[in-house]
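**Student:** no sequence for this one, just the structure:
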């Protein structure tokens, strides 16, 4: 997505970028999944979030909640 992240031991260092771009991403847990959805909403282009079962366990109808605040988000069943 274009973020500048460097790992140093147990520390992650984030440098700001002008914009993020859409990409396929994989949720590894509940909070990471929610963060990826937010990053995808902010990004230019399309972001596809996979492994939604993590998100679904913690958030009921999350796409409806984001849609209610103006996000362009849809769930595609495969």
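**Tutor:** Happy to help now that I have it. Not measured: the values here are computed from a predicted model.

**Student:** Every contact and neighbour count from this point should use C-alpha atoms.
**Tutor:** Fine.

**Student:** how about the helices in the protein?
**Tutor:** 30-42, 53-58, 62-67 (DSSP state H).

**Student:** Format the ones you listed as JSON lines; extra columns: mean pLDDT and mean neighbour count.
**Tutor:** Formatted as JSON lines, these follow (pLDDT from 0 to 100; neighbours: other Cα atoms under 10 Å):
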{"stretch": "helix 30-42", "mean pLDDT": "95", "mean neighbour count": "18"}
{"stretch": "helix 53-58", "mean pLDDT": "92", "mean neighbour count": "15"}
{"stretch": "helix 62-67", "mean pLDDT": "95", "mean neighbour count": "14"}
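
**Student:** need those in a markdown table with distance to residue 9, can you?
**Tutor:** Shown next, in a markdown table, are those (distance: least, Cα to Cα, whole Å):
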| stretch | distance to residue 9 |
| --- | --- |
| helix 30-42 | 20 |
| helix 53-58 | 26 |
| helix 62-67 | 33 |
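
**Student:** Minimum distance to residue 73: which of these has it?
**Tutor:** Smallest distance to residue 73 across those (Cα to Cα): 6.2 Å, for helix 62-67.

**Student:** which residues does residue 52 contact?
**Tutor:** The contact partners of residue 52, by Cα atoms under 8 Å, 6 or more residues apart in numbering, come to 27, 33.

**Student:** Phi and psi next, for it.
**Tutor:** phi -70, psi -10 (degrees, to the nearest 10).

**Student:** quick one: it and residue 7, what's the gap?
**Tutor:** According to Cα to Cα, to the nearest Å, residue 52 stands 26 Å off from residue 7.
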